[in-house]
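Colleague: The sequence and its predicted three-dimensional model are supplied below.
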4 protein chains.
Amino acid sequence: MVEKYTIRTDLAMEQKERFESDHVEVSGVVLEEEYDEEREIKITTVRIETENGAKMMGKPVGTYLTLEVPDMASADDGYHREISETLAGFLEKYVENEETKNRNADNEKEHSKEKGCSILTVGLGNREVTPDALGPYVVDQLNITRHMVQEYGRYGVEEKSRIVSAIVPGVMAQTGMETAEIVQGVVKETKPDMILVIDALAARSSKRLNRTIQISDAGIHPGAGVGNHRSVITKETMGIPVIAIGVPTVVDAATIVNDTMENFIAALETSENLKGVGVVLQGYNSAEKYELVKELIAPHLNGMFVTPKDIDETIRRISYTVSEALNLLFSGKAGESEKKEETA
Amino acid sequence: MVEKYTIRTDLAMEQKERFESDHVEVSGVVLEEEYDEEREIKITTVRIETENGAKMMGKPVGTYLTLEVPDMASADDGYHREISETLAGFLEKYVENEETKNRNADNEKEHSKEKGCSILTVGLGNREVTPDALGPYVVDQLNITRHMVQEYGRYGVEEKSRIVSAIVPGVMAQTGMETAEIVQGVVKETKPDMILVIDALAARSSKRLNRTIQISDAGIHPGAGVGNHRSVITKETMGIPVIAIGVPTVVDAATIVNDTMENFIAALETSENLKGVGVVLQGYNSAEKYELVKELIAPHLNGMFVTPKDIDETIRRISYTVSEALNLLFSGKAGESEKKEETA
Amino acid sequence: MVEKYTIRTDLAMEQKERFESDHVEVSGVVLEEEYDEEREIKITTVRIETENGAKMMGKPVGTYLTLEVPDMASADDGYHREISETLAGFLEKYVENEETKNRNADNEKEHSKEKGCSILTVGLGNREVTPDALGPYVVDQLNITRHMVQEYGRYGVEEKSRIVSAIVPGVMAQTGMETAEIVQGVVKETKPDMILVIDALAARSSKRLNRTIQISDAGIHPGAGVGNHRSVITKETMGIPVIAIGVPTVVDAATIVNDTMENFIAALETSENLKGVGVVLQGYNSAEKYELVKELIAPHLNGMFVTPKDIDETIRRISYTVSEALNLLFSGKAGESEKKEETA
Amino acid sequence: MVEKYTIRTDLAMEQKERFESDHVEVSGVVLEEEYDEEREIKITTVRIETENGAKMMGKPVGTYLTLEVPDMASADDGYHREISETLAGFLEKYVENEETKNRNADNEKEHSKEKGCSILTVGLGNREVTPDALGPYVVDQLNITRHMVQEYGRYGVEEKSRIVSAIVPGVMAQTGMETAEIVQGVVKETKPDMILVIDALAARSSKRLNRTIQISDAGIHPGAGVGNHRSVITKETMGIPVIAIGVPTVVDAATIVNDTMENFIAALETSENLKGVGVVLQGYNSAEKYELVKELIAPHLNGMFVTPKDIDETIRRISYTVSEALNLLFSGKAGESEKKEETA
């Protein structure tokens, strides 16, 4: 049954939404929503807690946090700074969480509390394909420190600073290798404490395009991303925690069509003039309606994506916002302004 | 009434097709089709002959030739060479045609028959927006000769060579000027015999995307092009002939949706199961159906375009094919292989 | 005689320096120097006041202001903001000066004092050749307003804002036209009050590379710029004032060699060990020494330039600083902080 | 003493030349020269055979083949094809040589003679710094096959085709990791038979800039390359053969100066007029003269490089020539035309 729902989305919240619109209960999956009124950011947390939930959702067990930022594609520098800070704050919690686990795991080794962990940042995607270039662009703008710590010790960088390395592995058509093979090799050789992956995603709804950031501790799994890669980059495969940051930059053209069809069918079912069809279509469930629509979609829509015309500029801008957040995270100063406010 | 049909297309053949699907006769517009079996190129000529035809079509009087080349976006170098030669052959006819008119107009001046005319090539569009960058990319690859003729005379270039200058004027948001103002100024100052404009277009059907080339002697008119510019670059405004070459690189997202809706409605009208609606919708004409669809299209589709994911690479490749055709045309050697065949 | 001095520099101050090192008095040329200690900027003004001075200097009559900013190529954002403000302040004086002249010239037309003039900005150089791309890069980042004023009137932009249009004409090998022809055409068609040209220059001394900005009201003249263009863009040819902003981004490789030779010869003349040659070379003047050196310079140095390895990044950064200055100038707010300080 | 000679060059032939000009015999180093008259390519082979030779030369034991191709930077497509074929022919010998060694080493495993080896191609350098971007650009244009062989087996590619993977590791400032760490990791994970490294080099003589290709089986060693990296990528560190391909794209500015000084000093020693100094300088050896020159070189020449102005275009063109050669090599068809000629 589940396959019938496979209109593609990389956002856990959209997958959950889908079940809700069909009034299907999914056990083992928890949804929470909050709203940051000041910054106009809607925050949705989807927690996939059981293997059954993972199966239904088509995504691994883990926490998926989604920020919806209506003006993320706009050109307001001050607002972008705010998004960066908010994003950095959430990432800080994810990273601190993993740092604490690590520290507990090897507490006999007497790690200093201050010691920042070392993070390998991976920019997934294809630099030559604009909507898939988010990962590489973000990595281009990071403050890299590992080589300075290697050369001058911890004194080579600021006190709370984390140890940052980064790689843009390229896509399989460029390298002939699975991305996971490259990352695996680099991890074994350079032994970071954690992996942070940035990727461009596909969304179901065009209204989430370039306006949404998903953070997850579930890593990267097959079929995700704009480039639809097959790599598995997770704690299980890599041996260290993997935090994934994704921004939807494309919607499948077929999806757009499907959405409108559903609106149309809904209209048919309620409109006075068009009641006739209502009778017929009421018997159809979501999956059957989707099948009906799929037949009608022109075959040359395959491989077509919907993007805003200014995608080049939009991707540049979002990559800047995300890289700023990461640089804050790496500096060890993320969430500081918040903490101050709380003490005040 | 006409406005109701304004699902946007820059291809005259698509506009004509539209009327035909509604069984509307448009007087003053002639359609011809041929098929080059060897090269698998379909050639459609739309001739708008009267002002009435122009009004109905929403396009000025002129000849619009369209090449449909199914594999234009593919990577086969040999085939691209063939397309370039075919395109150059058609352009040669357009240019020779204008050269002949010019020669007759000032025959007392005793122009040498050999003298190639001077052509200002204009690459419209925005270099920073991939689907709009076709014009600038084509101009980047042209063999420019005017400065050599200015410096060394006709002996500075090959015998039959035309005199070529080129400009990438940029878009209004970059220059603050209408493109037509810039071209006008350059024309007055440098006095070419003819203008050749290259632009990226919007199509109605995604199956024409990156597979179609339109050549027209009607110039560029308001609202055309991916960037939707307002410039009028025609023989009337510029005082010299204007030949326009366009390739559709985007389809409006709303258009895609509309197409599927129409398929759906057609299915409703014929399907046994769904006959009920048929009764209601039979009374709707094209325009009314379009209105119905428009209401249903999500507002965030505005400004959204449908493109293939590999648009960056596709545009590069097509720009290369078109520039090769132009370089052949400029060298005065276009159509030579054909002529040889004919004599043989 | 003068030709013997033609080691190439586009900086008037370097030309002047040259004469001074040879103890040659140049009548009609005035030099002033000041130093902004706080910002560590050395300001040199060369005023070429007579035709004789112009002949000696190989540059037209006019005022040449040079800012030497040791850290201009560094990555300090705050400092770049300061340079932008300083540069904007000097440009403001140039522009106000021309505005005043204009106002006096047509005072019967009762221009409002508030009305900002309209400025056509020209980004000279070749976008595809990094050290020559400064002009195009600067123009890419300008706030363009002319089209908004055309559409919505003066209320379309902020109160004191000037009316800004811009063009990147390309170089002759790309366009087949003299840059001056293109600019001329655009000026006649769009009638700006003033032209502002940005260009990459060649310096004599590598220590001025990417650290120096020259502002001049003498416009652009043949042989200047990295691309060595032949265009004349001056008040005489264009009919409106032309302000030129230039940054040296290359040094001729032969020049570097020459400099060291001169050091060597100087050493020969003073060193105890090497006194022998001193006797011979004392009789040589600058020009003769240069001839001697020229013979020794390997012929494959022709067309070679000296640049820092990180030229790509440096040019991007400087283009940002210059464009910020221009945007300040265009907004009508240049020099405001200074004025405030003065009143305080 | 040796350090005094450390005017930097990555070309073994230039290092050898240096000793010869000082009439110094270097034991354990063999030089051979041939000339391909038809293609106007000079071929120099330097064989460093002993550890003593390696010490003197400052380069590891190995064979260094240098092609000098005067017109490599020109735009003649046909000629570039010829260079690609010649280069592919030489590379074929290097690769076949290593394949034979491998085959003998594990001959009990009964490898099919036909089986092409698997090659990891590494594009060293910084994509954002034009003269250092050769490696990344070459890799961008390779025909990658490993993923196809992984998916479809040997039948996924043409019969004689080698198995090709590739990576652009970036430079340390971008990744925080030694290039060698990344390559090491990838080698361990994907187990290629051989590594092929492409890098931009520094030359001593500007006449070799963009005109020379060095092939070596000695791998990459510290201090080589435009970016002056510290990585050691050799058979010893990687456990598999490493073939290095390098093209000099920059000359140290100080080197240019030094060359001219030497010409000058030579002139002083022979010229009638200048005989005085001759007496003094005859006592100086190369190293002492270099010291003298170094004092005279302006300190701001540090970090300055000499390049042709059209470096962007030149690097693109050479990267194309090298990638064509590699694609020929990978296809298993390199040297075929030659073999045919020999049998004929």
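Modeller: Arrived safely.
Colleague: hey, where'd the helices end up in the stretch 51-200 of chain A?
Modeller: Counting by DSSP state H, counting those that start in this stretch, the stretch 51-200 of chain A has helices at residues A:51-57, A:77-105, A:134-140, A:146-152, A:172-175, A:179-190.
Colleague: Return the most buried member of these.
Modeller: helix A:134-140 (a mean of 25; mean count of other Cβ atoms under 10 Å in any protein chain shown). Where C-beta positions appear, they are placed from N, C-alpha and C, glycine not excepted.
Colleague: does chain B sit close to that one?
Modeller: No - shown here: helix A:134-140 not in contact with chain B (Cβ under 8 Å from any Cβ of the partner chain), separated by at least 13.2 Å.
Colleague: Please apply the same query to stretch A:184-201.
Modeller: No - contact of stretch A:184-201 with chain B (Cβ under 8 Å from any Cβ) is absent, the minimum separation being 10.6 Å.
Colleague: shaky segments in chain A?
Modeller: A:1-8, A:105-115, A:223, A:227-230, A:261-300, A:302, A:336-344 (pLDDT under 70).
Colleague: Would you mind listing what in it touches chain D?
Modeller: Residues of chain A lying near chain D (Cβ under 8 Å from any Cβ): A:128, A:139-140, A:144-148, A:163-170, A:172-178, A:181-182, A:184-190.
Colleague: The same query, at a cut-off of 7 Å, please.
Modeller: Within reach of chain D by Cβ under 7 Å from any Cβ of the partner chain, chain A has these residues: A:144-147, A:164-168, A:170, A:172-177, A:181-182, A:184-186, A:188-190.
Colleague: Need the helices of the stretch 51-200 of chain A in CSV (columns: distance to residue C:88).
Modeller: Formatted as CSV, those follow (distance: least, Cβ to Cβ, whole Å):
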stretch, distance to residue C:88
helix A:51-57, 55
helix A:77-105, 19
helix A:134-140, 30
helix A:146-152, 36
helix A:172-175, 44
helix A:179-190, 46
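Colleague: Go through those and name the closest to residue A:202.
Modeller: Closest to residue A:202 of the helices of the stretch 51-200 of chain A, according to Cβ to Cβ: helix A:134-140, at 12.2 Å.
Colleague: show me the contacts for the residue nearest to residue A:224 when sequence neighbours are not counted.
Modeller: If the residues on either side of it in the chain are set aside, residue A:224 comes closest to residue A:10, at 4.9 Å by Cβ to Cβ, 6 or more residues apart in numbering or on different chains. Each residue near residue A:10 by Cβ atoms under 7 Å, 6 or more residues apart in numbering or on different chains is listed here: A:201, A:202, A:224, A:225, A:246, A:248.
Colleague: 8 Å instead, please
Modeller: Contact partners of residue A:10, counting by Cβ atoms under 8 Å, 6 or more residues apart in numbering or on different chains, are A:201, A:202, A:203, A:214, A:224, A:225, A:246, A:248.
Colleague: how about TSV for those residues, with distance to residue C:194 and secondary structure added?
Modeller: Formatted as TSV, the contacts of residue A:10 follow (distance: Cβ to Cβ, whole Å; DSSP: H, G, I helix; E, B strand; the rest coil):
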residue	distance to residue C:194	secondary structure
A:201	49	strand
A:202	50	strand
A:203	48	strand
A:214	51	strand
A:224	55	coil
A:225	51	coil
A:246	49	strand
A:248	46	strand
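Colleague: Name the nearest of those residues relative to chain D.
Modeller: residue A:225 (16.3 Å; Cβ to the nearest Cβ).
Colleague: Quickly note the distance from the residue nearest to the closest one when sequence neighbours are not counted to residue A:226.
Modeller: Setting aside the residues directly before and after it, residue A:225 is nearest to residue A:199 in space (Cβ to Cβ, 6+ apart), at 4.8 Å. Using Cβ to Cβ, to the nearest Å, we find residue A:199 at a distance of 8 Å from residue A:226.
Colleague: Can you pull the residues that touch both of the two?
Modeller: The contact lists of residue A:199 and residue A:226 share residue A:125, where a contact means Cβ under 8 Å, 6+ apart.
Colleague: was I right about residue A:36 contacting residue A:43?
Modeller: Yes - here residue A:36 reaches residue A:43: they are 6.6 Å apart, a contact under Cβ atoms under 8 Å.
Colleague: neighbour count winner among these two?
Modeller: More neighbours surround residue A:43 than the other of residue A:36 and residue A:43, with 16 against 13 (other Cβ atoms under 10 Å in any protein chain shown).
Colleague: Tell me what the more buried one is bridged to.
Modeller: Beta-bridge pairing for residue A:43 (DSSP bridges): residue A:34, residue A:67.
Colleague: Surely it touches residue A:34?
Modeller: Yes - using Cβ under 8 Å, residue A:43 is in contact with residue A:34, at 4.9 Å.
Colleague: Tell me how many other residues crowd residue A:33.
Modeller: Neighbours of residue A:33 (other Cβ under 10 Å): 11.
Colleague: Just give the nearest non-adjacent residue to it, would you?
Modeller: Counting by Cβ to Cβ, 6+ apart, the residue nearest residue A:33 is residue A:44, at 5.2 Å.
Colleague: Next one: that neighbour relative to chain B, how far apart?
Modeller: As judged by Cβ to the nearest Cβ, to the nearest Å, residue A:44 and chain B stand 18 Å apart.
Colleague: Tell me which residue is most central in chain A.
Modeller: Nearest residue to the geometric centre of chain A (Cα atoms, centre = their mean): residue A:246, 2.4 Å.
Colleague: Could you pull up the contacting residues of that residue?
Modeller: A:10, A:11, A:198, A:199, A:200, A:201, A:213, A:214, A:216, A:224, A:225.
Colleague: go with 7 Å
Modeller: A:10, A:199, A:201, A:214.
Colleague: Which two among the residues you listed are spaced furthest apart?
Modeller: A:199 and A:214 (9.6 Å).
Colleague: okay, those two: which has more neighbours?
Modeller: Using other Cβ under 10 Å as the criterion, residue A:199 and residue A:214 rank with residue A:199 on top: 27 against 24.
Colleague: Now do the same contact list for that one.
Modeller: A:124, A:125, A:135, A:220, A:225, A:244, A:246.
Colleague: Report the beta-bridge partners for it.
Modeller: Going by DSSP bridges, residue A:199 forms beta bridges with residue A:246.
Colleague: Ok, the one 4 residues further on next?
Modeller: For residue A:203, the residues forming beta bridges with it (DSSP bridges) are residue A:251.
Colleague: Next, the contact list for the residue in the stretch 1-150 of chain A positioned nearest to chain D, please.
Modeller: At 3.2 Å from chain D, residue A:146 is the closest residue in the stretch 1-150 of chain A, using Cβ to the nearest Cβ. By Cβ under 7 Å, 6+ apart, residue A:146 lies in contact with A:118, A:163, A:164, A:165, D:176, D:177.
Colleague: any idea what sits nearest the fourth one, other than its immediate chain neighbours?
Modeller: Leaving aside its sequence neighbours, residue A:165 sits nearest to residue D:176 (Cβ to Cβ, 6+ apart; 3.6 Å).
Colleague: quick one on the thing from earlier: of the contacts of residue A:146, which belong to strands?
Modeller: Among these, the members found in strands (DSSP state E) are A:118, A:163, A:164, A:165.
Colleague: Tabulate those residues (a markdown table), appending distance to residue C:72.
Modeller: Listed next are the ones in strands among the contacts of residue A:146 as a markdown table, based on distance: Cβ to Cβ, whole Å:
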| residue | distance to residue C:72 |
| --- | --- |
| A:118 | 35 |
| A:163 | 32 |
| A:164 | 28 |
| A:165 | 31 |
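Colleague: Which of those residues has the largest number of neighbours?
Modeller: residue A:164 (28 neighbours).
Colleague: And that residue, how far from residue D:173?
Modeller: Residue A:164 is 12 Å from residue D:173, by Cβ to Cβ.
Colleague: Common neighbours of those two, please.
Modeller: With Cβ under 7 Å, 6+ apart, residue A:164 and residue D:173 have common neighbours residue A:144.
Colleague: ok, the helix or strand where residue A:215 lies near chain B or not?
Modeller: Using DSSP states H and E, residue A:215 maps to strand A:212-216. No - Strand A:212-216 stays clear of chain B (Cβ under 7 Å from any Cβ), getting no nearer than 12.5 Å.
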